[in-house]
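Student: Okay, predicted coordinates and the sequence, questions at the end:
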Amino acid sequence: MNPIIETLKEHNVSDEQVHALFSAFLENPMLAMAQIQQLGIPPEKLQQLMALVMTQPNLIKEAAESLGINAEQVEQAKQQFKNQ
């Protein structure tokens, strides 16, 4: 299992929250970083998780893909929203 998802699951983050978080990571990483801080993860674990995200950004893409979230679909949705 992806270490980011594993850490989130250890702290009882729901599947919906995980999915929303990784969608946010692909769309707006800064917003996702703010969201992750609001999940009730203890500070020491949160710091480890943030370090993991910052040093291995490929894990975000891998986790998103494992959740069925496609970066291209996120981009298409953003463009569609802008065109309305």
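Tutor: Alright, I've got the coordinates. Numbering: from 1, shown residues only.
Student: contacting residues around residue 3?
Tutor: 52, 59 (C-beta atoms under 8 Å, 6 or more residues apart in numbering). C-betas here are computed from N, CA, C, even on glycine.
Student: what's the pLDDT at it?
Tutor: pLDDT for residue 3: 92.
Student: Just give me the residue right at the centre of this structure.
Tutor: In the chain, the centroid-proximal residue (C-alpha atoms, centre = their mean) is residue 22; its distance is 2.8 Å.
Student: Specify the local secondary structure of that residue.
Tutor: helix (DSSP: H, G, I helix; E, B strand; the rest coil).
Student: Which helix or strand contains the nearest residue to it once chain neighbours are set aside?
Tutor: In this structure, residue 22 finds its nearest non-sequential neighbour in residue 64, 4.4 Å apart by C-beta to C-beta, 6 or more residues apart in numbering. In the assignment (DSSP states H and E), residue 64 maps to helix 58-66.
Student: buried stuff in that helix?
Tutor: 59-60, 63-64 (16 or more other C-beta atoms under 10 Å).
Student: Name the residues that touch that helix?
Tutor: So helix 58-66 is contacted by 2-5, 22-23, 25-26, 29, 52-53, 70-71 (C-beta under 8 Å, 6+ apart).
Student: any idea which of those is closest to residue 41?
Tutor: For the contacts of helix 58-66, the residue nearest residue 41 by C-beta to C-beta is residue 4; the value is 11.4 Å.
Student: Report the distance from stretch 1-13 to the chain centre.
Tutor: Distance of stretch 1-13 from the chain centroid (C-alpha atoms, centre = their mean, to the nearest Å) equals 11 Å.
Student: so how far does stretch 10-19 reach from one end to the other?
Tutor: 15 Å (C-alpha to C-alpha, to the nearest Å).
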